[in-house]
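From the sequence below, what's the structure:
(one chain, ligands or ions: 3)
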Amino acid sequence: MALISLRQLLDHAAENSYGMPAFNVNNMEQVHAIMQAADQTNSPVIMQGSAGARSYAGEPFLRHLISAAIEMYPHIPIVMHQDHGSAPGVCLRSMQSGFSSVMMDGSLMADMKTPSSFEYNVDVTKTVVEMAHSGGVSVEGELGCLGSLETGEMGEEDGHGAEGKLDLDMLLTSVEEAADFVDQTGVDALAIAIGTSHGAYKFTKEPTGDVLRIDRIKEIHERIPNTHLVMHGSSSVPQEWLKIINSHGGEMGQTFGVPVEEIVEGIKHGVRKVNIDTDLRMASTGAVRQHLQDNAANFDPRKFLKAATAAMKGICVARFEAFGSAGNAAKIKPISLDDMVTRYASGELDQKISKANAA
Ligand code: G3H
Ligand code: 13P
Ligand code: ZN
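Ligands and ions are numbered 1, 2, ... in the order given. Presented below is the predicted three-dimensional model:
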């Protein structure tokens, strides 16, 4: 049984200077692709499910997909994380579902549209931290609103995000507020806003330092070096998949994502979790379009879904290797969530990296 906490995995990543891609999952093909890639590269895994994933698959199906991965790959440490919890109740339901980690996204109100106050964010995040840590479950918080520094708008593809334009101070996480937030809430990991946004339409051209603020990661990491940083909206929007989609009947606009080398630079400065959903969506859509066009007589879904799985696996292998998590699965000795309860309760994990994996 290799379900582990996010905290244990990110502590290991910090101790060994690597980053973890965290892939969104909704269905069996995504889980297969991620696990096959992890098995091939000997990488630990973070899979994350959004509230949208839970309502798409249905809670029991999502839960059993993860159980199946744990059963089939007992040698791979797996974190099951809830992405963008909009309220403490959403996080509680994921914990009841067996997730080992939750995100309380208090940067927006529970409607997932209205930016919240710092005080509201601290309040809801702290509530979740108290609840989660008492069950050995880890918590990711978010400070700042994810959105484009080119347009001042949040992404609109993922079902949540503020409408209209946001001020720069909302779109860029403040260094001092980050330190205060971590101090007051005791989160295990902090998602920060640096110009990335959800979905495919992140940048109108290859991003430069003024719209993708890696320098802000460096400043925050210098101020709170013991906090694991999280990059959301970090798909790289592979141009080769964009071309395949559009040359097989698709109509995606020209767009650019977060270059892998910029993420790697972030990893050198405290980024430990990198959220990726769009890249797998694009790879599977491109592969299905291509397969169906090239095999017009086929009516067996297993054939095009296998092509989708292989395409997604390719992205996962590339990220595990680029972020340095490849080769680390076998080095992690799983700590049960029961043991994490004791470690949290003792205070030994308070704001201190490199403790969870200590003997
Ligand atoms: O952050 C959002 C993820 O891309 C999940 O998207 O809510 O459509 O499942 P979703
Ligand atoms: P992308 O849309 O860039 O894949 O981001 C996913 C994400 O941040 C999920 O929380
Ligand atoms: Zn996100």
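
okay, now the residue in the stretch 151-300 of the chain that ligand 3 sits nearest to: neighbour count?
Closest residue of the stretch 151-300 of the chain to ligand 3, C-beta to the ion: His232 (3.4 Å). (Each C-beta comes from the backbone N, C-alpha and C, glycine too.) Residues near His232, counting by other C-beta atoms under 10 Å, number 27.

That one touches Leu190, doesn't it?
No: if you go by C-beta atoms under 8 Å, His232 and Leu190 don't touch, sitting 11.1 Å apart.

what touches both of these two?
Glu142 (C-beta atoms under 8 Å, 6 or more residues apart in numbering).

before we move on, the earlier item: which helix or which strand is home to the residue nearest to the residue of the stretch 151-300 of the chain closest to ligand 3 when sequence neighbours are not counted?
Nearest residue to His232, sequence neighbours excluded (C-beta to C-beta, 6 or more residues apart in numbering): Asn275, at 4.6 Å. Asn275 is part of strand 271-276 when elements are defined by DSSP states H and E.

What are the buried residues along the helix or strand following that strand?
Once strand 271-276 ends, the next helix or strand along the chain (criterion: DSSP H and E) is helix 278-294. Residues of helix 278-294 classed as buried: 278-292 (neighbour count, 16 or more other C-beta atoms under 10 Å).

Export the next helix or strand after helix 278-294 to CSV, keeping only CA atoms.
Downstream of helix 278-294, the first helix or strand assigned by DSSP H and E is helix 301-323. The C-alpha coordinates for helix 301-323 follow below in CSV (Å, rounded to 0.1, in the frame of the first residue of the first chain):
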residue,chain,number,x,y,z
PRO,A,301,-12.9,2.8,-29.0
ARG,A,302,-10.1,0.8,-27.3
LYS,A,303,-7.9,1.5,-30.3
PHE,A,304,-8.2,5.3,-30.2
LEU,A,305,-8.2,5.3,-26.4
LYS,A,306,-4.9,3.3,-26.5
ALA,A,307,-3.5,5.9,-28.8
ALA,A,308,-4.6,8.6,-26.4
THR,A,309,-3.0,6.8,-23.5
ALA,A,310,0.3,6.4,-25.3
ALA,A,311,0.3,10.1,-26.2
MET,A,312,-0.4,11.2,-22.6
LYS,A,313,2.3,8.7,-21.3
GLY,A,314,4.8,10.5,-23.6
ILE,A,315,4.1,13.8,-21.9
CYS,A,316,4.3,12.2,-18.4
VAL,A,317,7.7,10.5,-19.1
ALA,A,318,9.1,13.8,-20.4
ARG,A,319,8.0,15.8,-17.3
PHE,A,320,9.1,13.1,-14.8
GLU,A,321,12.5,13.2,-16.5
ALA,A,322,12.8,17.0,-16.9
PHE,A,323,11.7,17.8,-13.3
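
and the nearest residue to Gln293 once chain neighbours are set aside, how many residues sit next to it?
Nearest residue to Gln293, sequence neighbours excluded (C-beta to C-beta, 6+ apart): His248, at 4.9 Å. Residues near His248, counting by other C-beta under 10 Å, number 17.

Then Glu153?
17.

Same question for Glu206.
Glu206, neighbours per other C-beta under 10 Å, totals 9.

element containing it?
Counting by DSSP H and E, Glu206 is part of no helix or strand.

how far away is it from Glu163?
Glu206 sits 28 Å away from Glu163, going by C-beta to C-beta, to the nearest Å.

same thing with Ala57?
Note on Ala57: its distance to Glu163, by C-beta to C-beta, is 28 Å.

need the residues of the stretch 251-359 of the chain near ligand 3, please.
Residues of the stretch 251-359 of the chain found near ligand 3 (C-beta under 5 Å from the ion) are Asn275.

What parts of the stretch 251-359 of the chain come near ligand 1?
With C-beta under 6 Å from any ligand atom as the criterion, the stretch 251-359 of the chain comes near ligand 1 at residues Asp277.

cutoff 8 Å now
Neighbours of ligand 1 within the stretch 251-359 of the chain, by C-beta under 8 Å from any ligand atom: Asn275, Asp277, Thr278.

Let me know the closest of the residues you listed to ligand 1.
Distance to ligand 1 across these (C-beta to the nearest ligand atom) is lowest for Asp277, with 3.5 Å.

For the closest one, which residues are in contact?
Going by C-beta under 8 Å, 6+ apart, Asp277 touches Phe23, Asn24, Asp158, His198, Ser235.

what about the last one, neighbour count?
For Ser235, the neighbour count with other C-beta under 10 Å is 25.

Kindly provide the distance from it to Glu262.
From Ser235 across to Glu262, the span is 12 Å (C-beta to C-beta).
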